[in-house]
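Asker: Starting from these lines, generate the structure:
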Amino acid sequence: MIELKSNELIFRFPEVHEDAVCNIEFQRTLRIPDDGSEYPLPAGMGPFPLSHIEDYSETAPKSWIKRGGVLMPMYQSEALWIQFFGDYPMAIKIAAGKINAVTGKTWTDALNDHPQDYVVSDAQPWLDGFCVKKGYVRQFVAMPLGDGYSAEEQITGEAEFGGLQVIAYPIKAEYYEKMIKDRHCYEDAMFCRCAESSISEPAMGMAPGGLMRQDIYDDEYGIDSWDTRYASRCFVHLVNSEAYESITGQNPPLPPVSKKDYKRFGMPWFDYYAENKSSVSGSGVLNKLKSISSFSESNNKKIWDNGSMNVGEVKVISAESHSTTNIVSEKDF
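Answerer: Next comes the predicted model:
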(Lines give C-alpha, C1' and ligand atoms only; values in the text may rest on other atoms or scores of the structure.)
Protein backbone atom coordinates (compact mmCIF):
# COMPACT_ATOMS: atom_id res chain seq x y z
CA MET A 1 0.00 0.00 0.00
CA ILE A 2 1.19 3.53 -0.83
CA GLU A 3 -0.09 6.64 0.89
CA LEU A 4 0.42 10.26 -0.09
CA LYS A 5 0.88 12.57 2.89
CA SER A 6 2.62 15.95 3.13
CA ASN A 7 4.19 15.48 -0.32
CA GLU A 8 5.73 12.15 0.65
CA LEU A 9 5.06 8.69 -0.72
CA ILE A 10 4.69 6.32 2.22
CA PHE A 11 5.19 2.65 1.41
CA ARG A 12 3.60 0.36 4.00
CA PHE A 13 3.62 -3.44 4.26
CA PRO A 14 1.62 -4.30 7.40
CA GLU A 15 1.19 -7.87 6.15
CA VAL A 16 4.98 -8.31 6.48
CA HIS A 17 5.67 -6.39 9.70
CA GLU A 18 4.09 -3.54 11.65
CA ASP A 19 7.34 -1.56 11.27
CA ALA A 20 7.54 -2.06 7.49
CA VAL A 21 7.29 1.59 6.45
CA CYS A 22 9.49 3.69 4.16
CA ASN A 23 8.98 7.33 3.15
CA ILE A 24 10.14 8.70 -0.19
CA GLU A 25 10.41 12.41 -0.94
CA PHE A 26 11.44 14.28 -4.10
CA GLN A 27 13.58 17.29 -3.25
CA ARG A 28 14.02 20.41 -5.35
CA THR A 29 17.67 21.32 -5.75
CA LEU A 30 20.25 23.30 -7.66
CA ARG A 31 21.05 22.07 -11.15
CA ILE A 32 24.80 21.65 -10.92
CA PRO A 33 26.95 22.79 -13.87
CA ASP A 34 27.43 20.28 -16.66
CA ASP A 35 30.98 21.42 -17.33
CA GLY A 36 33.07 18.26 -17.02
CA SER A 37 33.91 18.93 -13.37
CA GLU A 38 32.82 16.77 -10.45
CA TYR A 39 30.61 18.34 -7.80
CA PRO A 40 29.51 17.39 -4.28
CA LEU A 41 25.84 16.99 -3.38
CA PRO A 42 23.76 20.20 -3.46
CA ALA A 43 21.25 21.04 -0.74
CA GLY A 44 17.55 20.29 -0.84
CA MET A 45 15.19 23.25 -1.23
CA GLY A 46 12.07 21.49 -0.01
CA PRO A 47 9.88 18.78 -1.50
CA PHE A 48 8.12 19.00 -4.83
CA PRO A 49 4.33 19.07 -4.47
CA LEU A 50 2.63 15.76 -5.22
CA SER A 51 -1.03 15.12 -6.00
CA HIS A 52 -3.14 12.14 -7.01
CA ILE A 53 -3.34 11.93 -10.80
CA GLU A 54 -6.98 10.78 -10.56
CA ASP A 55 -7.91 14.16 -9.05
CA TYR A 56 -7.44 15.61 -12.56
CA SER A 57 -9.09 12.91 -14.65
CA GLU A 58 -10.83 15.53 -16.80
CA THR A 59 -7.73 17.59 -17.61
CA ALA A 60 -4.71 15.26 -17.47
CA PRO A 61 -3.70 13.07 -20.44
CA LYS A 62 -5.74 9.86 -20.50
CA SER A 63 -2.61 7.71 -20.67
CA TRP A 64 -1.54 9.19 -17.33
CA ILE A 65 -4.86 8.35 -15.69
CA LYS A 66 -4.52 4.78 -16.96
CA ARG A 67 -1.11 4.43 -15.30
CA GLY A 68 -2.27 5.88 -11.97
CA GLY A 69 0.19 7.31 -9.48
CA VAL A 70 0.93 10.94 -8.69
CA LEU A 71 1.55 14.23 -10.50
CA MET A 72 4.65 16.36 -9.87
CA PRO A 73 5.46 19.74 -11.50
CA MET A 74 8.99 20.62 -12.64
CA TYR A 75 10.45 23.44 -14.65
CA GLN A 76 12.49 22.59 -17.73
CA SER A 77 16.12 22.18 -16.65
CA GLU A 78 15.13 21.79 -13.00
CA ALA A 79 16.89 19.10 -10.97
CA LEU A 80 15.84 16.82 -8.14
CA TRP A 81 17.15 14.26 -5.74
CA ILE A 82 15.22 11.44 -4.08
CA GLN A 83 15.28 10.88 -0.33
CA PHE A 84 14.59 7.59 1.45
CA PHE A 85 13.98 7.43 5.17
CA GLY A 86 12.69 4.94 7.69
CA ASP A 87 14.14 2.28 9.97
CA TYR A 88 12.75 -0.70 8.07
CA PRO A 89 15.07 -1.69 5.17
CA MET A 90 13.56 -1.86 1.72
CA ALA A 91 14.92 -2.66 -1.72
CA ILE A 92 13.84 0.18 -3.99
CA LYS A 93 14.10 0.34 -7.76
CA ILE A 94 14.04 3.75 -9.44
CA ALA A 95 13.58 4.25 -13.17
CA ALA A 96 13.23 7.27 -15.42
CA GLY A 97 11.15 6.67 -18.53
CA LYS A 98 11.28 2.99 -17.50
CA ILE A 99 15.09 3.02 -17.73
CA ASN A 100 16.66 1.73 -14.52
CA ALA A 101 18.68 4.53 -12.90
CA VAL A 102 21.28 2.12 -11.50
CA THR A 103 21.87 -0.26 -14.43
CA GLY A 104 20.51 1.49 -17.53
CA LYS A 105 18.38 -1.55 -18.37
CA THR A 106 14.69 -1.43 -19.27
CA TRP A 107 12.13 -1.71 -16.49
CA THR A 108 11.24 -4.99 -14.82
CA ASP A 109 9.43 -5.41 -11.52
CA ALA A 110 11.75 -8.17 -10.32
CA LEU A 111 14.85 -7.55 -8.22
CA ASN A 112 18.20 -8.52 -9.74
CA ASP A 113 21.62 -8.67 -8.12
CA HIS A 114 23.87 -9.39 -11.13
CA PRO A 115 24.18 -6.47 -11.48
CA GLN A 116 22.33 -4.98 -8.53
CA ASP A 117 19.49 -2.88 -9.95
CA TYR A 118 18.11 -1.33 -6.77
CA VAL A 119 19.13 0.72 -3.74
CA VAL A 120 18.76 -0.34 -0.11
CA SER A 121 16.86 2.33 1.78
CA ASP A 122 18.65 2.25 5.13
CA ALA A 123 22.09 2.31 3.50
CA GLN A 124 21.22 4.83 0.77
CA PRO A 125 19.66 8.03 2.15
CA TRP A 126 19.56 9.70 -1.26
CA LEU A 127 19.72 9.06 -4.98
CA ASP A 128 20.66 12.10 -7.06
CA GLY A 129 20.97 10.72 -10.56
CA PHE A 130 21.94 8.00 -13.00
CA CYS A 131 24.74 5.77 -11.73
CA VAL A 132 27.30 6.18 -14.52
CA LYS A 133 30.38 4.78 -12.79
CA LYS A 134 31.59 3.71 -9.38
CA GLY A 135 31.16 6.61 -6.98
CA TYR A 136 29.55 8.98 -9.49
CA VAL A 137 26.10 9.85 -10.80
CA ARG A 138 24.79 12.25 -13.42
CA GLN A 139 22.14 14.48 -11.93
CA PHE A 140 18.43 13.95 -12.60
CA VAL A 141 17.36 16.95 -14.73
CA ALA A 142 13.89 17.44 -16.21
CA MET A 143 13.64 17.90 -19.98
CA PRO A 144 10.67 17.77 -22.39
CA LEU A 145 10.02 14.43 -24.02
CA GLY A 146 10.54 14.49 -27.77
CA ASP A 147 13.69 16.61 -27.84
CA GLY A 148 16.03 13.64 -27.50
CA TYR A 149 17.67 14.58 -24.19
CA SER A 150 16.13 12.01 -21.86
CA ALA A 151 17.80 8.75 -20.93
CA GLU A 152 14.74 6.95 -22.26
CA GLU A 153 15.09 8.51 -25.71
CA GLN A 154 18.86 8.06 -25.90
CA ILE A 155 18.64 4.35 -25.01
CA THR A 156 15.38 3.26 -26.67
CA GLY A 157 14.96 5.88 -29.37
CA GLU A 158 11.39 6.45 -28.16
CA ALA A 159 9.67 9.14 -26.07
CA GLU A 160 6.90 6.96 -24.68
CA PHE A 161 6.82 6.99 -20.89
CA GLY A 162 8.76 9.84 -19.27
CA GLY A 163 8.30 10.43 -15.56
CA LEU A 164 9.76 8.37 -12.75
CA GLN A 165 8.88 4.84 -11.71
CA VAL A 166 9.33 3.47 -8.19
CA ILE A 167 8.85 -0.02 -6.74
CA ALA A 168 9.67 -1.10 -3.19
CA TYR A 169 10.12 -4.50 -1.56
CA PRO A 170 10.35 -4.92 2.23
CA ILE A 171 12.97 -7.01 3.93
CA LYS A 172 11.65 -10.29 5.31
CA ALA A 173 10.32 -9.98 8.84
CA GLU A 174 12.77 -12.54 10.26
CA TYR A 175 15.75 -10.61 8.89
CA TYR A 176 14.42 -7.41 10.41
CA GLU A 177 13.84 -8.99 13.82
CA LYS A 178 17.38 -10.35 13.86
CA MET A 179 18.75 -7.01 12.72
CA ILE A 180 17.12 -5.00 15.50
CA LYS A 181 18.43 -7.47 18.08
CA ASP A 182 21.98 -7.31 16.74
CA ARG A 183 22.46 -3.67 15.87
CA HIS A 184 23.48 -0.90 18.22
CA CYS A 185 21.41 2.21 18.74
CA TYR A 186 21.05 3.64 15.25
CA GLU A 187 19.07 6.58 14.03
CA ASP A 188 17.26 6.39 10.72
CA ALA A 189 18.56 7.81 7.44
CA MET A 190 16.73 11.12 7.55
CA PHE A 191 19.93 13.16 7.68
CA CYS A 192 19.64 16.90 7.35
CA ARG A 193 20.54 17.83 3.80
CA CYS A 194 18.64 21.09 3.50
CA ALA A 195 19.43 24.70 2.74
CA GLU A 196 19.88 26.69 5.91
CA SER A 197 18.58 29.73 5.38
CA SER A 198 -0.50 28.01 -25.28
CA ILE A 199 0.07 24.72 -23.60
CA SER A 200 3.14 22.82 -24.74
CA GLU A 201 3.45 19.04 -24.57
CA PRO A 202 3.23 18.44 -20.82
CA ALA A 203 5.23 15.24 -20.44
CA MET A 204 8.73 15.51 -19.00
CA GLY A 205 11.52 12.98 -18.79
CA MET A 206 14.78 12.76 -16.89
CA ALA A 207 18.00 13.60 -18.68
CA PRO A 208 21.56 13.16 -17.38
CA GLY A 209 22.98 16.44 -16.13
CA GLY A 210 26.20 17.37 -14.37
CA LEU A 211 28.51 14.87 -12.70
CA MET A 212 28.52 14.52 -8.92
CA ARG A 213 30.17 12.29 -6.37
CA GLN A 214 27.78 9.70 -4.93
CA ASP A 215 28.15 6.01 -4.12
CA ILE A 216 25.33 3.56 -4.73
CA TYR A 217 25.94 1.01 -1.99
CA ASP A 218 25.99 -2.75 -2.37
CA ASP A 219 23.18 -4.76 -0.82
CA GLU A 220 24.75 -6.14 2.35
CA TYR A 221 21.63 -8.14 3.22
CA GLY A 222 21.64 -10.25 0.06
CA ILE A 223 19.00 -10.81 -2.61
CA ASP A 224 17.28 -13.60 -0.62
CA SER A 225 16.50 -11.27 2.29
CA TRP A 226 13.81 -9.34 0.40
CA ASP A 227 10.20 -10.43 0.67
CA THR A 228 9.35 -10.40 -3.03
CA ARG A 229 5.86 -11.72 -2.37
CA TYR A 230 4.95 -8.13 -1.57
CA ALA A 231 5.68 -5.00 -3.58
CA SER A 232 4.18 -1.57 -4.14
CA ARG A 233 4.91 0.62 -7.12
CA CYS A 234 4.10 4.14 -8.19
CA PHE A 235 4.32 6.11 -11.43
CA VAL A 236 5.40 9.73 -10.84
CA HIS A 237 4.18 11.83 -13.77
CA LEU A 238 6.37 14.86 -14.43
CA VAL A 239 4.64 17.89 -15.91
CA ASN A 240 6.06 21.24 -16.98
CA SER A 241 5.07 24.29 -14.96
CA GLU A 242 2.79 25.79 -17.64
CA ALA A 243 0.82 22.59 -18.18
CA TYR A 244 0.62 22.03 -14.40
CA GLU A 245 -1.41 25.20 -14.04
CA SER A 246 -3.70 24.18 -16.90
CA ILE A 247 -4.26 20.66 -15.53
CA THR A 248 -4.67 21.51 -11.85
CA GLY A 249 -5.79 25.15 -11.83
CA GLN A 250 -3.02 25.80 -9.28
CA ASN A 251 0.01 28.03 -9.56
CA PRO A 252 3.25 26.15 -10.20
CA PRO A 253 6.03 26.32 -7.61
CA LEU A 254 8.45 29.21 -7.66
CA PRO A 255 11.26 28.85 -10.23
CA PRO A 256 14.29 26.84 -9.13
CA VAL A 257 17.19 28.52 -7.37
CA SER A 258 19.93 29.90 -9.62
CA LYS A 259 23.65 29.35 -9.24
CA LYS A 260 24.00 33.04 -8.42
CA ASP A 261 21.48 32.82 -5.59
CA TYR A 262 22.95 29.56 -4.32
CA LYS A 263 26.31 31.25 -3.90
CA ARG A 264 24.91 34.57 -2.66
CA PHE A 265 23.00 32.95 0.20
CA GLY A 266 25.89 30.67 1.14
CA MET A 267 23.90 27.46 0.64
CA PRO A 268 25.83 24.33 1.65
CA TRP A 269 27.22 21.36 -0.24
CA PHE A 270 27.35 17.84 1.15
CA ASP A 271 29.30 14.60 1.03
CA TYR A 272 27.98 11.35 2.49
CA TYR A 273 30.53 9.08 4.12
CA ALA A 274 29.76 5.46 4.96
CA GLU A 275 32.84 3.68 6.24
CA ASN A 276 33.36 0.01 5.34
CA LYS A 277 30.57 -0.02 2.75
CA SER A 278 31.27 -1.09 -0.83
CA SER A 279 29.45 0.34 -3.82
CA VAL A 280 28.22 -0.82 -7.20
CA SER A 281 30.40 -0.35 -10.25
CA GLY A 282 28.02 1.80 -12.24
CA SER A 283 26.42 1.25 -15.61
CA GLY A 284 28.36 1.22 -18.85
CA VAL A 285 25.09 1.90 -20.67
CA LEU A 286 24.35 4.98 -18.59
CA ASN A 287 27.95 6.17 -18.83
CA LYS A 288 27.58 6.32 -22.62
CA LEU A 289 24.63 8.70 -22.44
CA LYS A 290 25.22 12.24 -23.57
CA SER A 291 24.77 14.79 -20.85
CA ILE A 292 22.45 17.70 -21.58
CA SER A 293 25.38 19.95 -22.44
CA SER A 294 27.00 17.36 -24.73
CA PHE A 295 23.71 16.57 -26.44
CA SER A 296 23.07 20.25 -27.10
CA GLU A 297 26.52 20.82 -28.56
CA SER A 298 26.39 17.76 -30.82
CA ASN A 299 22.95 18.75 -32.13
CA ASN A 300 23.73 22.45 -32.54
CA LYS A 301 21.08 23.40 -30.02
CA LYS A 302 21.27 26.39 -27.76
CA ILE A 303 21.30 25.70 -24.06
CA TRP A 304 20.76 27.97 -21.07
CA ASP A 305 23.80 29.32 -19.23
CA ASN A 306 25.72 26.39 -17.87
CA GLY A 307 28.90 28.02 -16.64
CA SER A 308 31.05 26.57 -13.89
CA MET A 309 30.77 27.56 -10.25
CA ASN A 310 33.06 27.46 -7.28
CA VAL A 311 32.15 25.11 -4.46
CA GLY A 312 32.54 26.42 -0.92
CA GLU A 313 32.76 24.38 2.25
CA VAL A 314 31.48 20.81 1.91
CA LYS A 315 29.68 19.34 4.92
CA VAL A 316 30.47 15.68 5.51
CA ILE A 317 27.55 13.58 6.76
CA SER A 318 28.54 10.27 8.33
CA ALA A 319 26.33 7.20 8.21
CA GLU A 320 27.19 6.61 11.83
CA SER A 321 25.60 9.96 12.87
CA HIS A 322 22.48 8.90 12.12
CA SER A 323 -8.01 13.43 -1.97
CA THR A 324 -10.75 11.73 0.18
CA THR A 325 -8.09 9.12 0.53
CA ASN A 326 -4.33 9.20 0.84
CA ILE A 327 -3.89 5.87 -0.92
CA VAL A 328 -1.95 6.14 -4.19
CA SER A 329 -3.22 4.06 -7.09
CA GLU A 330 -0.99 1.22 -8.31
CA LYS A 331 -1.66 0.31 -11.92
CA ASP A 332 0.17 -1.24 -14.86
CA PHE A 333 2.88 1.02 -16.20
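Asker: Just the helices from this protein, written as ranges.
Answerer: 62-67, 151-156, 173-182, 241-248, 259-264, 284-287, 292-298 (DSSP state H).
Asker: Out of these, which is closest to Glu330?
Answerer: Glu330 lies closest to helix 62-67 among those, at 9.9 Å (C-beta to C-beta). Just so you know, the C-beta spots here come from the backbone N, C-alpha and C atoms, and that holds for glycine as well.
Asker: how about that closest one: buried residues?
Answerer: Buried positions in helix 62-67, judged by neighbour count with 16 or more other C-beta atoms under 10 Å: Trp64, Ile65, Arg67.
Asker: do stretch 272-284 as well
Answerer: Neighbour-count burial for stretch 272-284 [16+ other C-beta under 10 Å]: Tyr272, Ala274, Ser279, Val280, Gly282, Ser283.
Asker: pLDDT check: weakest of the residues you listed?
Answerer: When the buried residues of stretch 272-284 are sorted by pLDDT, the bottom entry is Ala274 at 87.
Asker: For the stretch 201-333 of the chain, give me the ranges with low pLDDT.
Answerer: Low-confidence segments of the stretch 201-333 of the chain (pLDDT under 70): 201, 302-306, 320-325.
Asker: can you put the buried residues of helix 62-67 in JSON lines and add pLDDT?
Answerer: Output for the buried residues of helix 62-67, formatted as JSON lines (pLDDT from 0 to 100):
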{"residue": "Trp64", "pLDDT": "94"}
{"residue": "Ile65", "pLDDT": "95"}
{"residue": "Arg67", "pLDDT": "95"}
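Asker: So which residue is dead centre in this protein?
Answerer: Nearest to the mean C-alpha position of the chain, by C-alpha atoms, centre = their mean, lies Ile82 at 3.7 Å.
Asker: Would you mind measuring from it to Arg193?
Answerer: Note on Ile82: its distance to Arg193, by C-beta to C-beta, to the nearest Å, is 12 Å.
Asker: What of Ser37?
Answerer: 21 Å.
Asker: Next: Asp271.
Answerer: Counting by C-beta to C-beta - Asp271 and Arg193 are separated by 10 Å.
Asker: same thing with Leu127?
Answerer: 12 Å.
Asker: cool, Ile32 as well?
Answerer: 14 Å.
Asker: neighbour count winner among these two?
Answerer: The residue with more neighbours, out of Ile32 and Arg193, is Ile32; 29 against 21, by other C-beta atoms under 10 Å.
Asker: Glu38 is in contact with that one, correct?
Answerer: No: contact between Ile32 and Glu38 fails when scored by C-beta atoms under 8 Å: they sit 9.5 Å apart.
Asker: That'll do, ta.
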